[in-house]
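[1] Need coordinates for the following:
(2 chains)
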Amino acid sequence: MESKINRYSKQLILINSFFILAWLIISVFPFIWTFWGSFKVKADFFSRADWMFAVTGVNTLIETGDTSTVKAYVESWTEGEFWKATMNTIIITVSVVTISLFLGTLGAYALSRSTYKYTFWILIAALIFRAMPHITLVSGYLFPFFQLNVWGILPTTIIVLVAINQPFTLWLLYSFFKTVPKELDESALIDGCSYFQAFRFVIMPVMWPGVVTAGLFSMMLAYNDFTVTSLLLNQQNYTMVPKINAYLGTIEHSGNYMWAVSSVVSATAPLFMIIMFFQRQLISGLTAGAVKG
Amino acid sequence: MPHRTFFWFFFPSGLAMLLFIGLPIISSFFQSLHIEPEQILMEVEKCDPFGCKTETKVDIEATTKLQEEQPLGRFNGLGTYGDRNHLAFDEIKEAWTNSSSIAEFTDTLLNLPFYKALLFTLTFCFAVTPPVVVLGFIVALSVNTITKSLKGPTIFGVILPMIVTPLIGSLVLFWMIDAKGILGSFIQFLFDDPNLSLKSSSQLTWITLIIYGIWHNTPFAFVVFYAALQTVPQDPIEAAIIDGASRYERVRHIVIPHLYPVATFIILICLMDNFRVLEPIIGFAAEGVAQSLSWMIYNDLRSENKMLFGSAGATSMLTIIGVAILLTPVLIRTWREFRTER
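    Presented below is the predicted three-dimensional model:
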């Protein structure tokens, strides 16, 4: 709603455009740079002689015969077994999103429809749980997991990530279900539905906007996690992020460092695509609960 | 909703949280009361053509046996909390009596692992948060004024640093800041010092980490402020325009007061999230000069053959106390909100 008197002066627009442009460069340029550099050899990406080498690819031309190369990608995906890490990430992400949405919708629906006081305490407990640094939880897991012999495998990590994710999912879906009119499912109850039927046939068809947002956040948590996956999985089962860290840790043999660079690009690209599609949901989720203020 | 129905709806989610968030905290505490068994040493006589020598060796068999009997180690009470790597009571007492000045005492104190980590964690939290709030607000104000068709792509660009995981984000910056990277060479050129490297001194590394923190956290503040800006009432602004208020005055006296509650929310979340800083330290390979509380725990758990569960548990407990202190205002706020809703 722009009123006529509230027009911006030319100067302001100019300053503003410059500022936004500068800020965009700060936030986006590092990614473009890494993307570009991932097609070069190490001598170019980390060039002591001249940083322009990374743009022109002088050493890449000498080493491979072309100004850009996909060598790092090919090697990291095959020799570096990044395909395996990708598979693991996909398995973990899909399972975590599915399970945590299943548990979260049921729990949050109950929380939003119950009028008893304990719902408040459950939500407070969830808030406290959400604030726990993940590493402190991991320090609690390791010993029992070793004793039970479930350390290092994917299912354990999936369950742990689902649990860590629950508090946020519950809060998000709770505030979403609060916006769904109570009359909707109450009328179904009066018509003789059980609570579960009301949930299944009345709430489920209208809950998808909230579920997409919650799913997006679950996905980001599972996809991006480093603390849990790096300490609870064994080397063979590593997901992408700990795998990248492992590339850096190994003794630097020729191309290894570029494996990490190319893997960073391989890991971020799908994430950016997804966010591009679901940007609106992401923002609505981040602001839920904040704007009411 | 009747209690029974509520229970069955909530049961799976509640069970997951109880088992994997509630129990680990208790398990962590329990671990912190124990200490790893000492390795049993034995003397072995080693003979070669030049004579016999006695060597002290780890008796692997006996050690494994002891470990099997007591996998968690022996009970140590609150001993781990007071040792040199945690609260270090003895060392502090000693430093207090031996130091000639306060400066010397603080110096000794901040060289103890726990206090060193605490200092970095708190510095990081409190250095990152204010710029994040200010920058987030400015970016939100200026994105709010651009043409509608450009808003979508701009917002996408601005939120990118927040979407990537901190490890990847810090690596991407680290590679540019590296002495051989583009930013690193630019800084060398700027200060005309070919040996300048941001990794060379601890202060510079801290500053780099803080700049990374600002870069990573500003998008969050931006998004929340941006959404809140959409709810600023238009009537008072129009009235202010009619009364001849300048743009600055309008922002200062109408928009900012409207956003105060949102700002406190951002500050609290920001403090809480940065208190657990871990990945940037790994990404920037800054372990040598900057350790955080989370990093201390990570370090205790990282080695595959000898994990220090006791030490990690104790640091975890102390970290949780820190989080609890930061969390109190959030809890009070939520409590008030619930009160008003009822």
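
[2] When you work out contacts or count neighbours from here on, use the C-alpha atoms and nothing else.
    Will do.

[3] pLDDT weak spots in the stretch 51-200 of chain A?
    Under the criterion of pLDDT under 70, the regions of the stretch 51-200 of chain A flagged as low confidence span A:51.

[4] give me the number of residues near the closest residue in space to B:Trp295 that isn't next to it in sequence?
    Among residues not flanking B:Trp295 along the chain, B:Leu278 sits closest, at 5.4 Å (C-alpha to C-alpha, 6 or more residues apart in numbering or on different chains). Using other C-alpha atoms under 10 Å in any protein chain shown, B:Leu278 has 25 other residues around it.

[5] show me the contacts for B:Leu278.
    B:292, B:294-295 (C-alpha atoms under 8 Å, 6 or more residues apart in numbering or on different chains).

[6] Mind checking which of those residues land in strands?
    Among these, no member falls in strands (DSSP state E).

[7] Of those, grab the buried ones for ChimeraX.
    The buried residues among these can be selected in ChimeraX (16 or more other C-alpha atoms under 10 Å in any protein chain shown) with this line:
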select /B:292,294,295
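
[8] of the contacts of B:Leu278, closest to A:Glu81?
    Nearest to A:Glu81 out of those is B:Trp295 (C-alpha to C-alpha; 27.5 Å).

[9] before we move on, back to that, CSV please, covering the contacts of B:Leu278 and showing pLDDT.
    Converted to CSV, the contacts of B:Leu278 look like this (pLDDT from 0 to 100):
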residue, pLDDT
B:Ser292, 91
B:Ser294, 91
B:Trp295, 91
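
[10] Looking at the contacts of B:Leu278, which are in helices?
    Among the contacts of B:Leu278, the members falling in helices (DSSP state H) are B:294-295.

[11] Please convert the contacts of B:Leu278 to CSV, extending it with distance to A:Asp44.
    As requested, the contacts of B:Leu278 are exported to CSV (distance: C-alpha to C-alpha, whole Å):
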residue, distance to A:Asp44
B:Ser292, 33
B:Ser294, 35
B:Trp295, 32
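
[12] quick one: terminal-to-terminal distance for stretch A:71-89?
    End-to-end span of stretch A:71-89 (C-alpha to C-alpha, to the nearest Å): 23 Å.

[13] Then stretch B:244-255?
    Between where stretch B:244-255 begins and where it ends, there is a gap of 16 Å, by C-alpha to C-alpha.

[14] hmm, back to that, and of the contacts of B:Leu278, the nearest to chain A?
    Proximity to chain A was ranked across the contacts of B:Leu278 by C-alpha to the nearest C-alpha; first place goes to B:Ser294, at 6.4 Å.

[15] just the helices in the stretch 151-293 of chain A please.
    A:154-179, A:182-190, A:195-198, A:208-224, A:227-232, A:240-249, A:256-287 (DSSP state H, counting those that start in this stretch).

[16] shaky segments in chain B?
    Along chain B, segments meeting pLDDT under 70 span B:37-40, B:179, B:304-305, B:341-342.

[17] The same query, at a cut-off of 50, please.
    Confidence mapping of chain B against pLDDT under 50 gives zero matching residues.

[18] Just give me the residue closest to the centre of chain A.
    A:Met220 (1.5 Å; C-alpha atoms, centre = their mean).

[19] Check what pLDDT that residue gets.
    We note a pLDDT of 89 for A:Met220 in this prediction.

[20] Contact partners for it?
    For A:Met220, the set of contacting residues under the criterion of C-alpha under 8 Å, 6+ apart consists of B:Ile163.

[21] how far away is B:Val255 from B:Ala228?
    Taking C-alpha to C-alpha as the measure, B:Val255 falls 10 Å from B:Ala228.

[22] what comes up buried for stretch B:259-274?
    Neighbour counts over stretch B:259-274 (16+ other C-alpha under 10 Å) mark B:259, B:262-274 as buried.

[23] try stretch A:226-235
    A:226-233.

[24] Tell me the residues on the stretch 151-293 of chain A that lie near chain B, please.
    Residues of the stretch 151-293 of chain A lying near chain B by C-alpha under 8 Å from any C-alpha of the partner chain: A:159-160, A:162-164, A:166-167, A:195, A:220, A:224-226, A:231, A:241, A:245, A:264, A:268, A:271-272, A:276, A:279, A:283, A:286-287, A:290-291, A:293.

[25] Can you flag the buried ones in these?
    With burial judged by 16+ other C-alpha under 10 Å, the buried subset of these is A:159-160, A:162-164, A:166-167, A:195, A:220, A:224-226, A:231, A:241, A:245, A:264, A:268, A:271-272, A:276, A:279, A:283, A:286-287, A:290-291.

[26] neighbours around B:Leu78, how many?
    12.

[27] how about the CA coordinates for stretch A:41-60, as CSV?
    These are the backbone C-alpha positions of stretch A:41-60, laid out as CSV (Å, rounded to 0.1, in the frame of the first residue of the first chain):
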residue,chain,number,x,y,z
VAL,A,41,42.7,-27.2,-10.0
LYS,A,42,44.1,-26.5,-6.6
ALA,A,43,46.9,-24.4,-7.9
ASP,A,44,44.4,-22.0,-9.4
PHE,A,45,41.8,-21.9,-6.6
PHE,A,46,44.5,-21.3,-4.1
SER,A,47,46.9,-19.3,-6.2
ARG,A,48,49.8,-17.7,-4.5
ALA,A,49,50.9,-15.9,-7.6
ASP,A,50,47.8,-14.1,-8.7
TRP,A,51,44.2,-14.4,-7.7
MET,A,52,43.1,-13.9,-11.2
PHE,A,53,44.4,-17.4,-11.9
ALA,A,54,41.2,-18.7,-10.3
VAL,A,55,39.2,-16.9,-12.9
THR,A,56,41.2,-17.6,-15.9
GLY,A,57,42.4,-21.1,-14.9
VAL,A,58,46.0,-20.8,-16.1
ASN,A,59,47.2,-23.8,-14.1
THR,A,60,44.1,-25.8,-15.0
